[in-house]
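Peer 1: curious how this folds, go ahead:
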Amino acid sequence: MSRGGTIAVVVAVEEEFVPYRDLFPDLRPLRKTGPWEVHEARVGERRVVLVLSDCGPANAGAATERVIGHFAPAIVLNGGAAGAHERELLPGDVVVGSRYAILFPPSGQKRIDGGGER
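Peer 2: The predicted structure follows:
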């Protein structure tokens, strides 16, 4: 990742977005970003773009695809995922996947499937 690359964070609901309001005091809303609420902040040389996608995998996928196409982030993070999948998970728990797949890579990139041991 380049020193000044954009970081995108996608969350589904306002409750998952609230901590970022305190973390980024210069957070400001962006206009003309499609159907999603999008905010921007800066951390040093980095631009941070935060997207409220609404609930569900279709909304998360569409918002992520839009943020990649519009902002070309160096990294995309998803906050708040998996809460509906495991009843034992509580707010604030961190879930780290053992596998990943880039399903919609930008033009010119290869599809990458990754895996690992737990």
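Peer 1: in this protein, mark out all the helices, start to finish.
Peer 2: For the chain, the helices defined by DSSP state H occupy 14-23, 57-71.
Peer 1: what's next to the longest one, contact-wise?
Peer 2: Which is helix 57-71. Contacts with helix 57-71, where a contact means C-beta atoms under 8 Å, 6 or more residues apart in numbering, come from 6, 8, 10, 12, 33-34, 36, 38, 47, 49, 51, 53-54, 73, 76, 78, 81, 103-104, 106. For glycine as for every other residue, the C-beta is placed from the backbone atoms N, C-alpha and C.
Peer 1: now do the buried residues in it.
Peer 2: Of the residues in helix 57-71, those with enough neighbours to count as buried (16 or more other C-beta atoms under 10 Å) are 59-60, 62-64, 66-68, 70-71.
Peer 1: likewise for stretch 25-41?
Peer 2: Across stretch 25-41, burial judged by 16+ other C-beta under 10 Å covers 27, 33, 36-41.
Peer 1: confidence-wise, which of those residues comes last?
Peer 2: Ranked by pLDDT, the buried residues of stretch 25-41 bottom out at residue 33 (75).
Peer 1: excluding sequence neighbours, find me the nearest residue to that one.
Peer 2: Nearest in space to residue 33, with sequence neighbours left out and distances taken as C-beta to C-beta, 6 or more residues apart in numbering, is residue 70 at 7.0 Å.
Peer 1: how near is that neighbour to residue 88?
Peer 2: Distance check for residue 70 against residue 88: by C-beta to C-beta, to the nearest Å, it reads 36 Å.
Peer 1: equivalent analysis for residue 69, please.
Peer 2: 36 Å.
Peer 1: re earlier: list the ones among the contacts of helix 57-71 that fall in strands.
Peer 2: Residues of the contacts of helix 57-71 located in strands (DSSP state E): 8, 10, 38, 47, 49, 51, 76, 78.
Peer 1: list buried residues within the residues you listed.
Peer 2: Buried among the ones in strands among the contacts of helix 57-71 by 16+ other C-beta under 10 Å: 8, 10, 38, 47, 49, 51, 76, 78.
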